[in-house]
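Student: Pasting a predicted model and its sequence here:
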Amino acid sequence: MSREKKTQAIEQLQEEISGCSIGILTDYRGLSNSEITALRRRIQESNGAYRVVKNTLSRFAAERAGQPDLAEGFQGPVAIAFGYGSITEVSKALTDYIRTAGTTVSIKSGFLPGRVLTVEEVMSIANLPSREVMLARVLGGMMSPISGLVNCLASPLRGLAGVLQARIQQLEGEQNG
């Protein structure tokens, strides 16, 4: 690879590292071309990209992108799953593929902007519910005390209305009887 192409590759990788919402480093040893293609498709469907990278160029790109701690993960065959949407989408797609396909892909580490993740942290991100579910849970949690207060305040009024209704029925019964 010529020096010019290496520089371009470093700059492109630096942009991808800087521009992604999450990146997951994987060891892709043992995957066939068709398996890598299937994994790429699955990750692309979840708003991401899967790219095999050269370690030396990746170390330079990580340092230029302000992620010097990430450089330690570039040992052996490495491919990076870049996520550009929600951080859970790509991690779920990758862990689901590993679980269902029974392949030899393993997660080495991951990164968020400004932070390197351990394998356990990547797995816990993959197990998070979707953004919509989280928002619904937060909204439900916020509404629960308000509903309780409304019920508490309305209870005496409902009781009074019940007593008045019973008295009205009693009086109607006396007039008819």
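Tutor: Right, received. Where do you want to start? Residues are numbered from 1 along each chain as shown.
Student: For Thr26, see how far away the closest residue to Phe74 other than its chain neighbours is.
Tutor: Counting by C-beta to C-beta, 6 or more residues apart in numbering, Asn55 is the residue found nearest to Phe74 once chain neighbours are left out, at 4.1 Å. No exception for glycine: its C-beta is placed from N, CA and C like everyone else's. Distance of Asn55 to Thr26, given as C-beta to C-beta, to the nearest Å: 13 Å.
Student: Look at the two and report which has more neighbours.
Tutor: Using other C-beta atoms under 10 Å as the criterion, Asn55 and Thr26 rank with Thr26 on top: 24 against 14.
Student: Contacts for the helix or strand containing that one next, please.
Tutor: Per DSSP states H and E: Thr26 is located in strand 22-27. Residues from elsewhere that reach strand 22-27 (C-beta atoms under 8 Å, 6 or more residues apart in numbering): 16-17, 70, 73-74, 76-83, 87, 90-91, 94, 105-112, 122, 125.
Student: from those, which would you call buried?
Tutor: 16-17, 70, 73-74, 78-83, 87, 90-91, 94, 105, 107-112, 122, 125 (16 or more other C-beta atoms under 10 Å).
Student: In helices, which of the residues you listed fall?
Tutor: The helices, defined by DSSP state H, take in 16-17, 87, 90-91, 94, 122, 125 from those.
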